[in-house]
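J.: Take this sequence and fold it.
(one chain, ligands or ions: 1)
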Amino acid sequence: MINNSFHRTQSPQNRSNFTSKNLFYLEDVTVTFGTTVGLRHVQFSVEKGEVVFITGASGAGKTTLLKVLAGDIEPDSGRVKRPDSSVFISQVFQDLRVFGNLSCRENLNFSYDPKFYNSRKEFDKDVMELSRIVGITDRLDIKMKNANGGLKQKIAIIRALLSRPDIIVCDEPTSSLDAESARKIFDILNLYNVKRKLTVIWASHNKELVKQFSGRIVHLDGGRLVYSGHACFI
Ligand SMILES: Nc1ncnc2c1ncn2[C@@H]1O[C@H](COP(=O)(O)OP(=O)(O)OP(=O)(O)O)[C@@H](O)[C@H]1O
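T.: Next comes the predicted model:
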């Protein structure tokens with residue numbers, strides 16, 4: 001799904017602000033769906049190891065921006081630089097994509113890949129560490145179809161982290177969580193950001209929630225990027 005192309009549909013400028021530190025770079029990107037505009041002339045970049053929150057009201061263009069980053073949508077105009085294929089991107093979608101007939105633990109086990117772990121024991125240790133931090137060690141044997149929305153979201157995020165990505169891209173993954181549970185999710189993302197240089201790109205309509213965490217806020221309004229900076233200024 002993620003490719004390594006430098007997609008060019010139109011060149012609005014001769015000069016580019018792309019630097020080698022940028023994992024993603026969008027230059028003057030516009031996306032339309034028929035007569036509806038998803039993104040308008042968006043200039044945006046993400047560096048390795050950054051935590052970026054994409055905020056905005058419903059319809060502001062958050063999902064469209066994530067789809068452009070993931071290569072699911074190519075822009076009508078502008079340029080997109082994505083990481084090369086050696087960079088592993090894990091995505092958590094609004095619909096979570098968990099397996100209902102399997103238990104929470106079985107869903108997590110899908111992330112085990114011997115390429116990324118020295119042993120199965122090491123993987124199981126990570127399962128327990130992450131489960132402990134978000135407070136679900138006693139719920140790992142619940143069938144996914146019987147889990148509440150909050151538990152499903154926690155499993156989806158832990159499963160994504162267990163696959164040891166370089167980048168995690170999340171679309172509103174904490175909508176069913178109370179503030180305390182959301183904080184625990186950010187704790188594990190921060191842990192992986194510090195320990196493994198994980199780059200985090202997180203879309204949320206809840207600006208007030210994400211303002212509590214350290215990271216850059218990129219705010220969209222009507223498809224336009226209207227703010228990029230630290231929480232204290234927005
Ligand atoms: N496939 C599509 N076809 C037509 N219009 C679309 C499509 N996808 C998005 N849009 C429109 O593009 C605009 C941006 O939508 P987008 O889903 O990116 O917003 P969002 O900020 O993620 O909203 P939400 O928080 O509700 O998910 C909206 O006006 C939406 O209706």
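
J.: average pLDDT for the host helix or strand of Gln91?
T.: Secondary structure from DSSP states H and E places Gln91 in strand 89-92. In this model, strand 89-92 has a mean pLDDT of 90.

J.: Also stretch 225-234?
T.: Taken as a whole, stretch 225-234 has a mean pLDDT of 81.

J.: Could you name the helices and strands sitting against the strand holding Gln91?
T.: Applying 3 or more Cβ pairs under 8 Å, 6 or more residues apart in numbering; DSSP states H and E, one finds that strand 89-92 makes contact with helix 62-70, helix 149-162, strand 167-171. Heads up, the C-betas are built off the backbone N, CA and C, glycines and all.

J.: Now render the ones you listed as a markdown table, adding distance to the ligand, mean neighbour count and mean pLDDT.
T.: A markdown table is the format used below for the helices and strands packed on strand 89-92 (distance: least, Cβ to the nearest ligand atom, whole Å; neighbours: other Cβ atoms under 10 Å; pLDDT from 0 to 100):
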| stretch | distance to the ligand | mean neighbour count | mean pLDDT |
| --- | --- | --- | --- |
| helix 62-70 | 3 | 23 | 95 |
| helix 149-162 | 15 | 22 | 91 |
| strand 167-171 | 7 | 24 | 93 |
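
J.: quick revisit: okay, now the sheet partners of the strand holding Gln91, with direction.
T.: Sheet pairing here is set by DSSP bridges, and for strand 89-92 it gives strand 167-171 (parallel).

J.: CA atoms of stretch 46-60 as PDB?
T.: What follows is stretch 46-60, C-alpha atoms only, in PDB (Å, rounded to 0.1, in the frame of the first residue of the first chain):
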ATOM      1  CA  VAL A  46       6.800  14.800   8.900                       C
ATOM      2  CA  GLU A  47      10.300  14.100  10.100                       C
ATOM      3  CA  LYS A  48      11.600  10.800  11.500                       C
ATOM      4  CA  GLY A  49      10.800  10.400  15.200                       C
ATOM      5  CA  GLU A  50       8.100  13.100  15.200                       C
ATOM      6  CA  VAL A  51       4.800  12.900  17.000                       C
ATOM      7  CA  VAL A  52       2.200  14.800  14.900                       C
ATOM      8  CA  PHE A  53      -1.500  15.200  15.800                       C
ATOM      9  CA  ILE A  54      -3.800  16.100  12.900                       C
ATOM     10  CA  THR A  55      -6.800  17.900  14.300                       C
ATOM     11  CA  GLY A  56      -9.900  19.500  12.800                       C
ATOM     12  CA  ALA A  57     -13.700  19.200  12.900                       C
ATOM     13  CA  SER A  58     -15.600  16.500  11.000                       C
ATOM     14  CA  GLY A  59     -15.100  16.900   7.300                       C
ATOM     15  CA  ALA A  60     -11.900  19.100   7.800                       C
END
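
J.: who touches it?
T.: Here stretch 46-60 makes contact (Cβ atoms under 8 Å, 6 or more residues apart in numbering) with 21-24, 62, 65-66, 69, 166, 189-190, 193, 197-207, 210, 213-223.

J.: Please apply the same query to stretch 216-234.
T.: With contacts defined as Cβ under 8 Å, 6+ apart, stretch 216-234 is touched by 31, 37-44, 50-57, 60-62, 64-65, 207, 210-212, 215.

J.: Give the buried residues for that stretch.
T.: 216-220, 223-225, 227, 231 (16 or more other Cβ atoms under 10 Å).

J.: Could you do stretch 196-213 as well?
T.: 198-205, 207, 209-210, 213.

J.: that older thread, among the contacts of stretch 216-234, which ones are in helices?
T.: Applying DSSP state H to the contacts of stretch 216-234, the entries found in helices are 62, 64-65, 207, 210.
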